[in-house]
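S.K.: return a 3D structure for these sequence lines:
(chains A and B)
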Amino acid sequence: MSLTFRDETFRDDFTFRNSPAAIRRFPFPFDRDQYMYSVNMEPHSKGPAGSATEFPIDIDEHYVSEMRERALVLQQDPLRCQSLPHMITAEWDLVELLMTSMADSYPHWFSLSRNGNDWHWINRPLGIDQKFTFGNVATLPYPPMEYITRQCQGDFSLLDQRDDNIWMDAGIATTQADWSLDFDIGMNFMEWHAPVPFAHQMGVFERALKYLLNLQIDKPVRRLNWTMTINPRLDTSPEQYPHWGKDRTQVTAENVGDKVYLRVELQGLWRLPRSNAIVFSIRGYLASLSELATSPKWARRLSRVLKSLPDEIAEYKGLSRHRALSIAWLSQFEDDSPTSPGCGPD
Amino acid sequence: MPTIPPSLYKSRPVYPGLSWIAGARRHLITADGEGALAVLELLNSADQETRNRAILLYTPGGSKQLGHGAKLAPLLPGACHEFPSIETLLFRLNVELTRANMSTRLYATGTEGFMGQVIALAQGHGVNPLSVKTEHRGSLARRVQCVHCKGFMDGVTTSIVACSHCGISLFVRDHYSRRLGAFQGVIVNAEVAEEIPAAEELYP
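M.R.: Sure, this is the predicted structure:
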């Protein structure tokens, strides 16, 4: 498989762009012209060749640059990666899940050989060749979760299960949509979702929790979530909000198509075999309105979703300041024709 | 007496009230300010045998003029310890928890910020936060952590407050961390520096 990793930035000069192929495989999240919260979970099964769900862990053209961005965030703020002491077994489970999945799906980039607990991991895109003893933290240069997630796109959290609840007791979050791992670590499922409007009253979280408590080994599930971000900025954490907040005031009728990004999270959940913990991965994808509008169906549908979005959700997602400008720009593609079924492009 | 409203926000703990935990070998009771009155009620409801197993760590806080400590001391001869501040009380609590045996049970009463700090400290000693008996008394003021500089502030009564560490104007989100014992404060004017809403006195 030939794929050139792009050399790009997610801060300062924002040189991030999607290739035409990356736009076509963008996991557009809306299967209809309106949006409301729901328990939209489905089996994380193999998707079409080339799609974001072809493999359990998706590595794309932004991989190398995203890993460089992650290292920058961790250097500045080590609290973005934390793990409570009882989560060490789950950390090793995560090492196994990611290494085996990446090596199986992308054998030309990653390889893993195992002889008992003697493991040999090769990551060619990042130039890493590491022999280590599985289960022995002293044989890796970072704690196990940090080691492997510095080499895998997406934020991750490890959820412990006890007392009929799941608890976010470890994680790494450097590309998050305005939530703080440092604040939320140790919270249960209901607690970390506390600020979300509507969904509690709708019973969404009760149903989702019940579902997740019964998650089984080898039967991962996924769902899509979304928000909008100004500039292709991955680190929209509350910690850094003093730096990115003003971006929201810099959207104009002239720059909206290239400055406003739809940010989609492909969230995957796996039960882990040793720890009985759950991996919750939050893999983010960015596409500007201009990039999305290369598929007129997506432009029409996004415009209709934004128009009909309840104000409370728009406010919670931080869209209020630029929603009208985005709708106005997208309206050039509106011809009142119906949109075809499904999430895919035209 | 002001009371914390039923939890509208799923991350805010509820404080069901103090009651004795039967069978505990040692009752480790902590209180600040008006929490002394909840402890008085608790002690008055106990027999001598139960009181003999109790130890109290108390800091008067804003209730200093009311002299609650003097009412408590005779009920727990030798086991009522008064501290000049929450910080000094927590220092002693850390010692007590380090020395604690099995079947020690923990109680906390007073302001929410105080109880939160007691529970957060106990959690570090392996105590299940939900096993701590709690009762809110006194001010509704909130303890807040600035998400930007990570500094803590006690006794925040308003919806918006300037961080006492880094100076950023913070909006206090209705989002509470039991591990930190604090609400989350996030910059209120990141988007437009001049747009700072008036602070409302919400939690007197």
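
S.K.: every contact and neighbour count from this point should use C-alpha atoms.
M.R.: Fine.

S.K.: what's in contact with the helix or strand containing B:Q184?
M.R.: Counting by DSSP states H and E, the element that carries B:Q184 is strand B:182-187. With contacts defined as CA atoms under 8 Å, 6 or more residues apart in numbering or on different chains, strand B:182-187 is touched by A:183, A:238, A:241-242, B:113, B:116, B:142-148, B:152, B:168-177.

S.K.: quick check: ChimeraX command selecting the buried ones in those.
M.R.: Only the buried entries of the contacts of strand B:182-187 go into this ChimeraX selection, using 16 or more other CA atoms under 10 Å in any protein chain shown:
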select /A:183,238,241,242 /B:113,116,142,143,144,145,146,147,148,152,168,169,170,171,172,174,175,176,177
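
S.K.: and the contacts of strand B:182-187, which of them are in strands?
M.R.: Assigned to strands by DSSP state E, the following of the contacts of strand B:182-187 qualify: B:142-146, B:152, B:169-177.

S.K.: closest one to B:E82 out of those, please.
M.R.: Each of the ones in strands among the contacts of strand B:182-187 was checked against B:E82 using CA to CA; the closest is B:R143, at 22.0 Å.

S.K.: for that closest one, which residues are in contact?
M.R.: Applying CA under 8 Å, 6+ apart, we find B:R143 in contact with B:112-113, B:152-156, B:181-183.

S.K.: one more pass at 10 Å, please.
M.R.: Contact analysis of B:R143 by CA atoms under 10 Å, 6 or more residues apart in numbering or on different chains lists B:111-114, B:116-117, B:152-157, B:172, B:176, B:180-185.

S.K.: same question for A:T15.
M.R.: A:6-9, A:231-232.

S.K.: mean confidence score for the strand holding B:Q184?
M.R.: For strand B:182-187, mean pLDDT is 96.

S.K.: equivalent analysis for stretch B:82-96, please.
M.R.: For stretch B:82-96, mean pLDDT rounds to 97.

S.K.: how far does it sit from the chain's center?
M.R.: 12 Å (CA atoms, centre = their mean, to the nearest Å).

S.K.: please enumerate residues in contact with that stretch?
M.R.: Residues contacting stretch B:82-96 (CA under 10 Å, 6+ apart): B:28-32, B:55-61, B:64, B:69-70, B:72-73, B:81, B:98-100, B:113-114, B:117-118, B:121-122, B:124-125.

S.K.: what about these, which are in strands?
M.R.: B:28-32, B:55-59, B:81.

S.K.: out of the residues you listed, which is nearest to chain A?
M.R.: The shortest gap between chain A and any of the ones in strands among the contacts of stretch B:82-96 belongs to B:T30, at 23.4 Å (CA to the nearest CA).

S.K.: residues in contact with the closest one?
M.R.: Applying CA under 10 Å, 6+ apart to B:T30 gives the contacts B:36, B:39, B:55-59, B:81, B:89-90, B:93, B:106-110, B:114-115, B:118, B:134.

S.K.: could you list which of the residues you listed belong to helices?
M.R.: B:36, B:39, B:89-90, B:93, B:114-115, B:118 (DSSP state H).

S.K.: and the residues you listed as a markdown table, adding neighbour count?
M.R.: Formatted as a markdown table, the ones in helices among the contacts of B:T30 follow (neighbours: other CA atoms under 10 Å in any protein chain shown):
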| residue | neighbour count |
| --- | --- |
| B:A36 | 26 |
| B:V39 | 24 |
| B:L89 | 20 |
| B:L90 | 20 |
| B:L93 | 20 |
| B:F114 | 28 |
| B:M115 | 26 |
| B:V118 | 25 |
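
S.K.: just send those residues back as CSV, with distance to A:E61 too.
M.R.: As requested, those are arranged in CSV below (distance: CA to CA, whole Å):
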residue, distance to A:E61
B:A36, 62
B:V39, 63
B:L89, 55
B:L90, 52
B:L93, 53
B:F114, 50
B:M115, 49
B:V118, 49
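
S.K.: so which of the ones in strands among the contacts of stretch B:82-96 is the most crowded?
M.R.: For the ones in strands among the contacts of stretch B:82-96, the largest number of neighbours (other CA atoms under 10 Å in any protein chain shown) sits with B:A31, at 31 neighbours.

S.K.: so it bridges to which residues?
M.R.: Using DSSP bridges, the bridge partners assigned to B:A31 are B:Y58, B:T109.

S.K.: shouldn't it be in contact with B:G116?
M.R.: No. Between B:A31 and B:G116 there is no contact under CA atoms under 10 Å: 11.6 Å.

S.K.: what do those two both touch?
M.R.: By CA under 10 Å, 6+ apart, B:A31 and B:G116 have these common neighbours: B:108-109, B:134.

S.K.: what is the neighbour count of the residue in the stretch 201-346 of chain A that chain B sits nearest to?
M.R.: Closest to chain B within the stretch 201-346 of chain A is A:K246: 4.0 Å, counting by CA to the nearest CA. If you count neighbours by other CA under 10 Å, A:K246 ends up with 16.

S.K.: let's verify A:G268: helix, strand, or coil?
M.R.: Per DSSP: H, G, I helix; E, B strand; the rest coil, the secondary structure class of A:G268 is strand.

S.K.: all set, thanks.
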